[in-house]
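Asks: Need coordinates for the following:
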Amino acid sequence: MVANSGPGRRTVLRGGLTATAVGALGLAATGPANAAPVRRPAARSPLAAAEPRIYSTAEWGARPPNQQIVVLDRVPTYIVVHHTAEPGNSEDYSLEHAMEICRSIQNFHMDGQGWGDSGQQFTNSRGGFILEGRHQSLDVVRGGTQHVQGANVGGRNSEVIGIENEGLYTEVDVPAALWGSLVQLVAWIATQYGRPVTDIMGHRDFNSTECPGGVLYGRLQELRDAVAGALGVAPADRPSVWPLLRPGAAGPQVRAAQYLLRARGFEDVPVDGVFGAATKRAVVKLADVHNVEKHTCAAMARSRTDETGYLGSDIWPLITPKVRAGENADVEKAVTTLHRAGADRAHSTGVLTATDWKRLLA
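Replies: Next up, the predicted model:
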């Protein structure tokens, strides 16, 4: 998770537990946003997913928030999947363990980061237990017309409802129990808010972060299909998304990014298709200039590696101009590089939009 007002970082939870860090000021607003008119959810799907068993903040012994909870008079657009990363993949699948994780997350967010409450709206344990995260989230989702603003996606928290899934999913798969409860929870939230399955996304679809881990992220289309089945609606196509490039990566996407960085004035970036030190420096500089806070994933804490310099969803829009490829030599070379790698040429005629760039980079 990340800052409420900007991209965030994954950090280590006190007491040996960690979670996605969320929100620079998790509950920074002064009160409910009541000025906007209530936006009713879209038409419900043919089948209404039942509410799964969700343990409330009172049941897991949450501390009271020390700042007022912000309730927006509109529904969230996206349902966002995270992983907690640390403390890793525990084999304790008990309810007691799930509750302890919630308490540890809340303590870290409030005491370690100075936020008013837990950042995520819900937590899903490896044992398949679902727990309310931020206070009031459960009752507000039940109402179906409002949104408890959390702090789990940088710069987009008025639009998203976040689910923290216990564990680290960069290399291993999620337990069957966690997968089952995740499908149930997402289907219920989608029912309450009338959200289409295409609005089920991962954290990295908004910020330059590994979250929710490559393995879990790779199953998001499977999650969309499972939720569609639970709702009795047709499966949806995979949405177009920005790729995530990490320092050390190599290939045509990196080469294209290097051309695009050069088009933005970073003339010292080599065009060798390798995400080396110069390319990383350019990405970091670009993020600094545009006030994009760096992302540090607690999944990397033990290897002492952070996510500084990752090139993802909040960086690509800064280097993909809305121009015709021929209007800039470096942009044209970026497009040519992607064409040679097999990109569909039909999506690169005329002025290049964000959708065109996503398809070229796919």
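Asks: Going along the chain, name the strands of the chain.
Replies: 10-11, 19-20, 54-55, 71-72, 78-83, 122-124, 130-132, 147-148, 160-165, 200-202 (DSSP state E).
Asks: Output the ones you listed in CSV; the columns should cover mean neighbour count.
Replies: No exception for glycine: its C-beta is placed from N, CA and C like everyone else's. Shown next, in CSV, are the strands of the chain (neighbours: other Cβ atoms under 10 Å):
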stretch, mean neighbour count
strand 10-11, 26
strand 19-20, 32
strand 54-55, 20
strand 71-72, 20
strand 78-83, 27
strand 122-124, 29
strand 130-132, 25
strand 147-148, 25
strand 160-165, 28
strand 200-202, 25
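Asks: of all the ones you listed, which lies closest to Met110?
Replies: Closest of these to Met110 is strand 19-20, at 12.4 Å (criterion: Cβ to Cβ).
Asks: hmm, back to that, need the least confident one among the strands of the chain, by mean pLDDT.
Replies: Here the strands of the chain differ in mean pLDDT, and the lowest is strand 10-11 at a mean of 34.
Asks: Provide a list of residues in contact with Asp268.
Replies: Listed by Cβ atoms under 8 Å, 6 or more residues apart in numbering, the contact partners of Asp268 are 278, 282.
Asks: do you know how far it is from Thr279?
Replies: 10 Å (Cβ to Cβ, to the nearest Å).
Asks: how many neighbours does the residue nearest to Pro243 when sequence neighbours are not counted have?
Replies: Nearest non-adjacent residue to Pro243, counting by Cβ to Cβ, 6 or more residues apart in numbering: Leu361, 5.3 Å away. The number of residues packed around Leu361, counting by other Cβ atoms under 10 Å, is 21.
Asks: Correct me if wrong: Leu361 contacts Val254.
Replies: No. Leu361 is not in contact with Val254 according to Cβ atoms under 8 Å; the separation is 10.8 Å.
Asks: By mean pLDDT, point me to the weakest helix or strand of this protein.
Replies: The weakest-scoring helix or strand in the chain, judged by mean pLDDT, DSSP states H and E, is strand 10-11 (a mean of 34).
Asks: And the helices in the stretch 51-200 of the chain, which stretches?
Replies: 95-107, 137-143, 176-193 (DSSP state H, counting those that start in this stretch).
Asks: and of these, who's closest to Arg53?
Replies: Closest to Arg53 of these, according to Cβ to Cβ: helix 176-193, at 8.9 Å.
Asks: ends of stretch 117-135, how far apart?
Replies: Stretch 117-135 has an end-to-end distance of 7 Å (Cα to Cα, to the nearest Å).
Asks: ok, back up a step: please name the residues that touch the residue nearest to Pro243.
Replies: Counting by Cβ under 8 Å, 6+ apart, Leu361 touches 242-243, 253, 256, 316, 338, 343.
Asks: can you rerun that using 7 Å?
Replies: 242-243, 253, 338 (Cβ atoms under 7 Å, 6 or more residues apart in numbering).
Asks: Show me how far stretch 330-346 is from its chain's centre.
Replies: The chain centre lies 28 Å from the centre of stretch 330-346; the measure is Cα atoms, centre = their mean, to the nearest Å.
Asks: ok, back up a step: so which of the helices of the stretch 51-200 of the chain gets nearest Gln113?
Replies: Gln113 lies closest to helix 95-107 among these, at 10.2 Å (Cβ to Cβ).
Asks: before we move on, the earlier item: in CSV: the strands of the chain, plus distance to Trp115.
Replies: Converted to CSV, these look like this (distance: least, Cβ to Cβ, whole Å):
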stretch, distance to Trp115
strand 10-11, 12
strand 19-20, 12
strand 54-55, 21
strand 71-72, 17
strand 78-83, 16
strand 122-124, 15
strand 130-132, 16
strand 147-148, 14
strand 160-165, 14
strand 200-202, 22
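Asks: Of all those, which one comes closest to Gly248?
Replies: If we rank the strands of the chain by Cβ to Cβ, the stretch that ends up nearest is strand 10-11, at 19.0 Å.
Asks: Surely Ala334 and Ala256 touch.
Replies: Yes. Ala334 lies in contact with Ala256 (Cβ atoms under 7 Å); the separation is 4.2 Å.
Asks: And Met99, how close does it get to Gln121?
Replies: Relative to Gln121, and taking Cβ to Cβ, Met99 is found at 17 Å.
Asks: if you count what's nearby, which of those two comes out ahead?
Replies: In this view Met99 and Gln121 are compared by other Cβ under 10 Å, and Gln121 has more residues nearby, 29 against 19.
Asks: Spell out the residue ranges of the helices in the stretch 201-350 of the chain.
Replies: Using DSSP H, counting those that start in this stretch, helices in the stretch 201-350 of the chain cover 214-217, 220-231, 252-263, 277-289, 316-319, 329-340.
Asks: Most tightly packed of those?
Replies: Mean neighbour count (mean count of other Cβ atoms under 10 Å) peaks for helix 252-263 among the helices of the stretch 201-350 of the chain, with a mean of 24.
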